[in-house]
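Student: need a structure here:
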Amino acid sequence: MSRNRYRYGHGHHHRASNKPMIVVHDHDVLSGRGVNIAHHPGNERFRTLVTTRADESYCATYSASEKRAVAEDIIKHIKALDPPGRFLKRDGRGQVSRGLGGPWDVLTDREAVKKTCQALRDCNRQDRQGYAVGVAVPTDVVKAAENLANTGLSTRDLAAKAAAAAATKAAAEATLTLKRTRGDVEFYPPLSSISVLSSTAQHSQQQQCPSPSGTATTAAETTPG
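Tutor: Down below sits the predicted model:
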């Protein structure tokens, strides 16, 4: 089945009826080339955010999991903005426009990580000096840089810590999925159900108590006439 795409013809486009049009806002990070893309506020924020993870050893010494962890942290920052930032790409083949009019489509998580890792490589390459030079740094990026500095850890240590946390989380999720598949996950009734069962048991014991002679005596029988 073919994906729903914007259709182009005679200088205008038509949007698929079941696909809402994406309107670019200042927090979005756009894929593409040209001055309009490079100077878009979301792309400028993205570049300044990438520079907070500048490290000369990035390309040579970071593991793949560490690079991914750094990228995911940057993506998380963009998506936490209000309104949330999105990673967008041109929607449709053969689109040659370099403006912001679109149409646009949202990058998959994998594509967003790939784009961010590429930006980190560009930022940390020795032959690419001046990355994000001259771009005003937004206050949220300044705050993020301060938070990183306050940890007292190096950029590499932060990456290693994030990668280890991601690996632990993935392992726990995999174990839980395996248990569910095998049916090994125990069922625990909700606390409310336990409370009801406990109250019912206590009430039953009060209604039927053993008499000194060893025979069961109901509450009605023990009440004076």
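
Student: go through the helix or strand residue 75 falls within and flag the buried ones.
Tutor: Element membership of residue 75, judged by DSSP states H and E, is helix 64-79. Neighbour counts over helix 64-79 (16 or more other CB atoms under 10 Å) mark 66, 67, 68, 69, 70, 71, 72, 73, 74, 75, 77, 78 as buried. Any C-beta I mention is one placed from the backbone N, CA and C, and that applies to glycine too.

Student: what packs against the very next helix or strand once past that helix?
Tutor: Later in the chain than helix 64-79, the nearest helix or strand by DSSP H and E is strand 87-90. Counting contacts by 3 or more CB pairs under 8 Å, 6 or more residues apart in numbering; DSSP states H and E, strand 87-90 packs against strand 29-30, strand 104-106, helix 109-124.

Student: let's have these in CSV, adding mean pLDDT, distance to residue 130 and mean neighbour count.
Tutor: Shown next, in CSV, are the helices and strands packed on strand 87-90 (pLDDT from 0 to 100; distance: least, CB to CB, whole Å; neighbours: other CB atoms under 10 Å):
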stretch, mean pLDDT, distance to residue 130, mean neighbour count
strand 29-30, 97, 20, 24
strand 104-106, 94, 28, 19
helix 109-124, 96, 10, 17
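
Student: roughly how far apart are the nearest residue to residue 59 once chain neighbours are set aside and residue 108?
Tutor: Excluding the flanking residues, the one nearest residue 59 by CB to CB, 6 or more residues apart in numbering is residue 124, at 5.6 Å. To residue 108, residue 124 is 24 Å away according to CB to CB, to the nearest Å.

Student: likewise residue 120?
Tutor: Counting by CB to CB, the gap from residue 120 to residue 108 is 18 Å.

Student: tell me the centre residue of this structure?
Tutor: residue 76 (5.7 Å; CA atoms, centre = their mean).
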